[in-house]
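Peer 1: need a structure here:
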Amino acid sequence: MAKRLALEPRFETNVQGLFALYGAWCRNVPFDNVRKLISLRTGDPGALPGGDATDFMEAFLEHGTGGTCWSSSNALFELVSAFGFQARRVAGSMRDLGVPGHGSVKVTIDGMDWMVDSSMLTMFPIPITNELYVFRDPRFGVEVEPTPEGSHLVWFNTPPYDDYFPCRLLMDNVTHDFYLDRYEISRTRGPFNHHISIRYNRGDARTVLQGHTRHRTTDATGLRSQPLPREELIVELRTVVGLSDTIVKRWVECGALEAQYEPPENPPALLTGKPPSTRGI
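Peer 2: Alright, predicted model coming up:
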């Protein structure tokens, strides 16, 4: 795994080491629901793919796949722990809906917490402190505000939204079994069971594939959204995301390609809240 991420086998478990490890993850491991869609569409009665870290890592090495938040967060937790960092699994609520629907990871270094998130893919660990944190950036902007109940509300930039996406941290230091339970719940309830959803960083671009539309942000061009015809979507999966021919073929054969051109089953609601830096503007 270290070789695939272009990492030294060992390095110091300090802030610089965490930046290097998480940055390598963000450049190489996509957030995606490809294996989950194959499992759901083929009626596989077994556990959803990637919930076990070994299965996740083996699939990444063979096929270039990642996973959705519960599976990828667990794999990232196991990776940073294997490199000697003091890490713990946490759960939050995307869109600040009040229920634990998102998995993430916190790492403690010299008494300070850093959040490394396998879904946000911010390229740098996010500082979690008692102070407001604001980093405005066209690709990897993040804001963190402490909440009155003693937790944090994390806002992050992700295409194609005009403003930052909220995630409230709810539960600290949850178990792997908790992750697996929440992952199983997502089998029938969740935003990643119909259209493809892939977030990946390649070169100077931050990209989200949602259905058959590619949303790509660079410093030079800003956000550009483009619907992709079937062949171009397959090429993107293979040559840019880096998925294997085998996994793309399985995805096509289970009917997932055609589903990308159907209306979304549960279109997301518009964002209503605003991060601290833009409130009142």
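
Peer 1: all contacts plus neighbour counts: C-alpha atoms, from now on.
Peer 2: OK.

Peer 1: can you report how many residues neighbour the closest residue to Met171 other than its chain neighbours?
Peer 2: Of all residues not flanking Met171 in the chain, Ala91 sits nearest, at 5.0 Å (Cα to Cα, 6 or more residues apart in numbering). Here the number of neighbours of Ala91 (other Cα atoms under 10 Å) works out to 27.

Peer 1: okay, Ala91: pLDDT?
Peer 2: Ala91 is assigned 98 on the pLDDT scale.

Peer 1: also Pro9?
Peer 2: Looking at Pro9, the pLDDT reads 67.

Peer 1: start the count at 4, not 1, going forward
Peer 2: That works, and once the first residue is 4, the last one we named lands at Pro12.

Peer 1: SS state for the residue nearest to Met174?
Peer 2: strand (DSSP: H, G, I helix; E, B strand; the rest coil).

Peer 1: touching the helix or strand where Arg171 lies from outside, list them.
Peer 2: Assigned by DSSP states H and E, Arg171 falls within strand 168-177. Residues from elsewhere that reach strand 168-177 (Cα atoms under 8 Å, 6 or more residues apart in numbering): 91-99, 101, 103, 154-161, 274, 276, 278.

Peer 1: which stretches in the stretch 154-284 of the chain count as helices?
Peer 2: 179-188, 233-238, 248-256, 259-262 (DSSP state H, counting those that start in this stretch).

Peer 1: same deal with the stretch 4-153 of the chain?
Peer 2: 18-31, 37-44, 56-66, 72-85.

Peer 1: of those, which stretch is the most buried?
Peer 2: helix 72-85 (a mean of 23; mean count of other Cα atoms under 10 Å).

Peer 1: averaged pLDDT, that one. What do you get?
Peer 2: pLDDT averaged over helix 72-85 gives 97.

Peer 1: so what's the residue lying closest to Ile199 once chain neighbours are set aside up against?
Peer 2: Spatial nearest neighbour of Ile199, chain neighbours left out: Gly214 (5.0 Å); criterion: Cα to Cα, 6+ apart. By Cα under 8 Å, 6+ apart, Gly214 lies in contact with 198-200, 263-264.

Peer 1: spatially central residue for this protein, please.
Peer 2: By Cα atoms, centre = their mean, the mean C-alpha position of the chain lies nearest to Ser122, the distance being 1.3 Å.

Peer 1: out of the contacts of Gly214, who has the most neighbours?
Peer 2: His198 (25 neighbours).

Peer 1: I'd say it and Pro267 touch.
Peer 2: Yes: with contact defined as Cα atoms under 8 Å, His198 counts as touching Pro267 (6.6 Å).

Peer 1: and Ile131, how many residues sit next to it?
Peer 2: Ile131, neighbours per other Cα under 10 Å, totals 22.

Peer 1: to clarify, my last question referred to Glu265.
Peer 2: 12.

Peer 1: separation between it and Cys72?
Peer 2: 24 Å (Cα to Cα, to the nearest Å).

Peer 1: ok, Pro130 next?
Peer 2: Taking Cα to Cα, one finds Pro130 at 20 Å from Cys72.

Peer 1: one step back: report pLDDT for the residue nearest to the centre of the chain.
Peer 2: Confidence score, pLDDT, at Ser122: 98.

Peer 1: cool, the one 3 residues further on as well?
Peer 2: Note for Thr125: predicted pLDDT of 97.

Peer 1: spatially nearest residue to it (excluding sequence neighbours)?
Peer 2: Nearest one to Thr125, counting by Cα to Cα, 6+ apart, is Phe143 at 5.3 Å.

Peer 1: so that neighbour touches Pro162, yeah?
Peer 2: No: at 10.3 Å, Phe143 does not count as touching Pro162 under the criterion of Cα under 8 Å.
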